[in-house]
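Student: here are the coordinates; sequence isn't available:
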């Protein structure tokens, strides 16, 4: 493995493709807490963390499982609307904890326009957390509400009901018609806001 006396072995997490230490250093130099967003195959996670000598300290966190457990979310737990709501929830928790500014940390994920990590970012911004960003990277309001899911579901329902029932079986088993996702999204958002009413800082 060694290539000479000047060769340095990369840190383990860099070798495993888990941490970009160059990017992490730039984030830490901001002096602000990090708004960390991660998306798995099933869930969306958001944390507000601060670096300490002994390691990262998580100040607040939110996960799409919370949307289901505490706010009655019936949609997918890792799609764009869920990502927005997780970011919204995490930011409200952060504001209640006295955190008003942060920097976005998306890890090794590519910065693709409209990606779910930026849906979570928009949720945090709409909640009142100040995070530097460019407007052009954020997904549209229509996509955040799930209008694209609604339109596709309506198309399938009219053209291929069997495929509609198969493709949206999880929605239907939870008691949500996918064409009603935008209304359900708004209802859950209002539930989250109601819980934190009085905890926000204007």
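Tutor: Nice, I can see it. On a predicted model such as this, the values are computed, not experimentally measured, just so you know. Numbers count the residues shown, from 1 in each chain.

Student: helix, strand, or coil at the nearest residue to residue 175 once chain neighbours are set aside?
Tutor: Nearest residue to residue 175 in three dimensions, chain neighbours excluded: residue 74, at 6.1 Å (C-beta to C-beta, 6 or more residues apart in numbering). C-beta here means a position set from N, CA and C on the backbone, and glycine is covered the same way. Per DSSP: H, G, I helix; E, B strand; the rest coil, the local secondary structure of residue 74 is coil.

Student: how about residue 74, what does it touch?
Tutor: 68, 171, 174, 175, 176, 184 (C-beta atoms under 8 Å, 6 or more residues apart in numbering).

Student: redo these as TSV? Include pLDDT and neighbour count.
Tutor: Formatted as TSV, the contacts of residue 74 follow (pLDDT from 0 to 100; neighbours: other C-beta atoms under 10 Å):
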residue	pLDDT	neighbour count
68	97	17
171	96	20
174	95	14
175	96	9
176	97	18
184	98	22
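
Student: in helices only, show me the residues you listed.
Tutor: Of the contacts of residue 74, the ones assigned to helices by DSSP state H are 68, 171, 184.

Student: look up how far residue 131 lies from the closest residue in space to the first one that isn't next to it in sequence.
Tutor: By that I understand residue 68. Ranked by C-beta to C-beta, 6+ apart and with sequence neighbours excluded, the top spatial neighbour of residue 68 is residue 77, at 6.6 Å. Residue 77 is 23 Å from residue 131, where distance means C-beta to C-beta, to the nearest Å.

Student: who has more neighbours out of the two?
Tutor: Neighbours were counted for residue 77 and for residue 131 using other C-beta atoms under 10 Å; residue 77 has more, 21 against 17.

Student: wait, a strand at the more buried one?
Tutor: No: Residue 77: not assigned to a strand; according to three-state DSSP it is coil.

Student: for it, give me phi and psi.
Tutor: phi -100, psi 10 (degrees, to the nearest 10).

Student: tell me if I'm right that it and residue 41 touch.
Tutor: No: with contact defined as C-beta atoms under 8 Å, residue 77 does not count as touching residue 41 (10.2 Å).

Student: all good on my end, thank you.
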